[in-house]
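Trainee: how would this look folded up:
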Amino acid sequence: MADLHDELNATAEAGELDALAAPADAAPAHAPGPRPATAPDDALDRARALLAAHPVADGYSGLPWALRELPWHDLELRDSSLETDVPRLRAGGVGAQLWSLRLPDDVDDDRAVSIALEQLDLVKQVVTAHGDGLLLARGASETADARHRGRIAVLVGPVGARAVGDSVGALRALHALGLGALTLSGTSWAGEAGLSAFGEEVVREMNRLGVLADLSGASEATARRVLAVSRAPVLFTRSGARALRDHPANLDDGLLAAVGAARGLVLVPLAAGLTGPSVRDVAEHLEHVRRVAGAECVALSGAYDTGAAHPEELADASRWPRLIAELLHRGWTESDLAALTWGNVQRALRGADFTARAARERRGPSSARIGVLDG
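Mentor: Numbering: from 1, shown residues only. All right, here's what the predicted structure looks like:
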């Protein structure tokens, strides 16, 4: 994977930040094919202008774990060990990011809870230290408020379901600390067989709290049952179209259609292993998901600082204009792109907020216990 990452990003690291700032009369580099491999300057200018009005709501960042592994960091300075910092987020036209709390596969469930808490605490420290550029947010209104104040909204999550330790009380505690999304996989109640009775109660409590369900990596049985049970929009934070690239994390057309029917959201990642090695491949996935699930059900996920190799020209968080320029070339309108970059994520956040308010009027906090419901 490291070799693939190096191969895909070597050109970008050598000169693509310079290309982003190149003068209008600079000649773009060309590759074999019907059009330049690097977007012409006028398309990049249009892309930057569009992102100034409709910034990217990036649905998945691995930054908390990446920062946890560093002895020192400053997100105002470019650090070659990171793919994200405040200047690159601004250059990329990013208005919001979901910061994932990673749980390593080899960590036992008891330790998973503390690791999630440690990363959540780190997120708060980092955002506080960079308060001129970042602002913690939860829900649609706080995300929009951060944008109006000239800050980049940081939403906490998703985190793997092991972090709640089979306890709806722990879920409430994490939510009170700022958690906004939970990945429903890797537990006895959300596994290959689907949701158990306790798992369904967890989803209902998530709806009551306003915690979004992330189905990335979930089994198809779990995904379909969550789509049926949840009254709030659900997310796939890192999924492309399996019809274009046969990867286990990608969704087949049947599941894409089901997400569309439930008005969920598929966030197509900038991860070469899932969507292919070029910016054009990413665009193809976006168009396929939009065609099958619907225009309101597709959004973007950078997958930066996750260790994933990225498509060419999309090596770090400053590169979003490259993708938008490609979509402009394909005929996407400003309203199409406004929904893709910002509007669809805001719709999902608003849906979670509305569902939570309605659910709290009908029921109080759940007292469900896994030993009782699942025997």
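
Trainee: tell me the contacts of the nearest residue to E220 once chain neighbours are set aside?
Mentor: Excluding the flanking residues, the one nearest E220 by C-beta to C-beta, 6 or more residues apart in numbering is L255, at 6.5 Å. From N, CA and C alone the C-beta is placed, and that goes for glycine too. Residues in contact with L255 (C-beta atoms under 8 Å, 6 or more residues apart in numbering) are E220, A223, R224.

Trainee: If any of the residues you listed are buried, put those into a ChimeraX selection.
Mentor: Typed into ChimeraX, the line below selects the buried ones among the contacts of L255, using 16 or more other C-beta atoms under 10 Å:
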select :223,224
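
Trainee: Now, the contacts of L255 that are in helices?
Mentor: E220, A223, R224 (DSSP state H).

Trainee: With respect to T128, which of the residues you listed is nearest?
Mentor: T128 has its nearest neighbour among these in A223, at 35.9 Å by C-beta to C-beta.

Trainee: Just give the nearest non-adjacent residue to that closest one, would you?
Mentor: Nearest non-adjacent residue to A223, counting by C-beta to C-beta, 6+ apart: L215, 4.6 Å away.

Trainee: Go through this protein and flag its longest helix.
Mentor: Max-length helix for the chain by DSSP H is helix 109-129.

Trainee: so where do the strands sit in this protein?
Mentor: 56-61, 94-101, 134-136, 152-160, 181-183, 190-191, 194-195, 212-214, 234-236, 265-269, 298-301 (DSSP state E).

Trainee: Output the contacting helices and strands for the longest one.
Mentor: So that's strand 152-160. When contacts are defined as 3 or more C-beta pairs under 8 Å, 6 or more residues apart in numbering; DSSP states H and E, strand 152-160 sits against helix 86-91, strand 94-101, helix 109-129, strand 134-136, helix 139-148, strand 181-183, strand 212-214.

Trainee: now the first one
Mentor: Strand 56-61 is packed against strand 94-101, strand 265-269, strand 298-301, helix 344-362, with contacts defined by 3+ C-beta pairs under 8 Å, 6+ apart.

Trainee: Let me see the contact set for L327.
Mentor: Per C-beta under 8 Å, 6+ apart, neighbours of L327: A283, L286, D336, L337, L340.

Trainee: Against L300, how distant is the residue most central in space within the chain?
Mentor: With distances taken as C-alpha atoms, centre = their mean, the residue of the chain nearest its centroid is G59 (1.8 Å). Counting by C-beta to C-beta, to the nearest Å, the gap from G59 to L300 is 6 Å.

Trainee: Can you check which residues contact both of the two?
Mentor: Counting by C-beta under 8 Å, 6+ apart, the residues touching both G59 and L300 are L267.

Trainee: What segments of the stretch 151-300 of the chain are helices?
Mentor: Ranges of helices in the stretch 151-300 of the chain, per DSSP state H, counting those that start in this stretch, are 168-176, 197-209, 220-229, 253-261, 272-275, 279-293.

Trainee: deepest of those, which one?
Mentor: For these, the largest average neighbour count (mean count of other C-beta atoms under 10 Å) is found in helix 272-275, namely a mean of 25.

Trainee: Turn the helices and strands packed on strand 56-61 into TSV, columns for distance to S318, mean pLDDT and mean neighbour count.
Mentor: Output for the helices and strands packed on strand 56-61, formatted as TSV (distance: least, C-beta to C-beta, whole Å; pLDDT from 0 to 100; neighbours: other C-beta atoms under 10 Å):
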stretch	distance to S318	mean pLDDT	mean neighbour count
strand 94-101	9	98	26
strand 265-269	17	98	30
strand 298-301	14	98	27
helix 344-362	20	98	19
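
Trainee: Which of these sits closest to E192?
Mentor: E192 sits nearest to strand 265-269 of all the helices and strands packed on strand 56-61, at 21.3 Å, using C-beta to C-beta.

Trainee: shouldn't D79 be in contact with H73?
Mentor: Yes. Using C-beta atoms under 8 Å, D79 makes contact with H73 at a distance of 6.4 Å.

Trainee: picking that back up, out of the helices and strands packed on strand 152-160, which is the most enclosed?
Mentor: With neighbours defined as mean count of other C-beta under 10 Å, the helices and strands packed on strand 152-160 peak in mean count at strand 212-214, which reaches a mean of 29.

Trainee: hmm, who's touching that strand?
Mentor: Contact with strand 212-214 is made by 157-158, 180-184, 203, 206, 226, 230, 232-237, 348-349, 352, as judged by C-beta under 8 Å, 6+ apart.

Trainee: Can you give the distance of it from its chain's centre?
Mentor: Its chain's C-alpha centre and that of strand 212-214 lie 11 Å apart, by C-alpha atoms, centre = their mean, to the nearest Å.

Trainee: mean confidence for it?
Mentor: Strand 212-214 shows an average pLDDT of 98 in the prediction.
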